[in-house]
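Asks: Sequence below, structure please.
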Amino acid sequence: MRPARHQRVTVSTAPEIDTAILSYVTQGYVLLQRTPTSAVIQKKKEFEVAWAIVGFFVCLVPLVIYLLYYLFLQPAAEVREIVVVGA
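Replies: Sure, this is the predicted structure:
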């Protein structure tokens, strides 16, 4: 498992911490720890169902096209007869 990415955000004054925290909380972050001069917030990664569906169909559609091509457009087999002339 990869470790979490850590990024430091700086503010000019202590009261600006509350504004920064509120800004990040509205983006889906959760406040983990708070002191008068610092705060630790975290945003957990989320599984994106939409991207999983897109990826599934990006892989599935070419496979179905190939299977249809293989089943219906290709001849079943090529048969050749070899004979000796003049026998």
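
Asks: Compute the distance between Lys44 and Gln7, please.
Replies: Note on Lys44: its distance to Gln7, by C-beta to C-beta, to the nearest Å, is 15 Å. Placement of C-beta: from N, CA and C, glycine included.

Asks: secondary structure element for the residue most central in space within the chain?
Replies: The chain has Trp51 as the residue nearest its centroid, 5.6 Å off, counting by C-alpha atoms, centre = their mean. Using DSSP states H and E, Trp51 sits within helix 49-68.

Asks: pLDDT of that helix, averaged?
Replies: For helix 49-68, mean pLDDT is 91.

Asks: tell me which residues of it are tucked away?
Replies: Within helix 49-68, no residue counts as buried by 16 or more other C-beta atoms under 10 Å.

Asks: domain ranges for this protein?
Replies: 1-44, 46-75 (automatic domain parsing).

Asks: Confirm Ile41 sits in a strand?
Replies: Yes. Assessed with DSSP: H, G, I helix; E, B strand; the rest coil, Ile41 lies in a strand.

Asks: how deep is the residue nearest to it when sequence neighbours are not counted tucked in, by neighbour count?
Replies: Nearest residue to Ile41, sequence neighbours excluded (C-beta to C-beta, 6 or more residues apart in numbering): Tyr29, at 4.3 Å. When counting by other C-beta atoms under 10 Å, one arrives at 16 neighbours for Tyr29.
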